[in-house]
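*Asks:* Provided below for reference: sequence and predicted model.
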Amino acid sequence: MTLPMDDEHAALFTVGQVADMLDVRQAFLRRIDDHQVVSPQRSAGGQRRYSRHEIGRIQQVVVMMDEGMTLPAIRRIFELQHELAQVTRERDELARRLDTLRAPSEPS
């Protein structure tokens, strides 16, 4: 049985909790959501709920902003990282399929 706390993508934390954890303002969290940099899930009542994965992303945003990057630039970096991961998965799958085709056939 998997508990929600074991799932890094389970939306468990409120804006206030995340702001306290990361020592950032709640308005900052709303701003990065508005800019679609880190967009948490919403509760049935429409409140933002953050996962551990999203909290890690917010930490990355804070570091990048401290280095002088803008929110649109950070969003683009995240998009490119996602695209690279997808292309890497596709390449790995194609390599696996090619290896299967190249493997000598065993006699029946």
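*Replies:* Yep, that arrived.

*Asks:* make it CA atoms for all contacts and neighbour counts henceforth
*Replies:* Will do.

*Asks:* point out where the chain drops to low pLDDT.
*Replies:* For the chain, the stretches with pLDDT under 70 are 1-5, 105-108.

*Asks:* do a quick rundown of the helices in it.
*Replies:* 15-22, 26-34, 52-66, 71-102 (DSSP state H).

*Asks:* show me what the third one is packed against.
*Replies:* Okay, so that is helix 52-66. If you count contacts as 3 or more CA pairs under 8 Å, 6 or more residues apart in numbering; DSSP states H and E, helix 52-66 packs onto helix 71-102.

*Asks:* tell me the angle of the helix it packs on relative to helix 52-66?
*Replies:* Regarding helix 71-102 and helix 52-66, their directions subtend 130 degrees when assessed with axes from the mean of the first three to the mean of the last three CA atoms, to 10 degrees.

*Asks:* show me how far helix 71-102 is from its chain's centre.
*Replies:* From the chain centre to the centre of helix 71-102 is a distance of 15 Å (CA atoms, centre = their mean, to the nearest Å).
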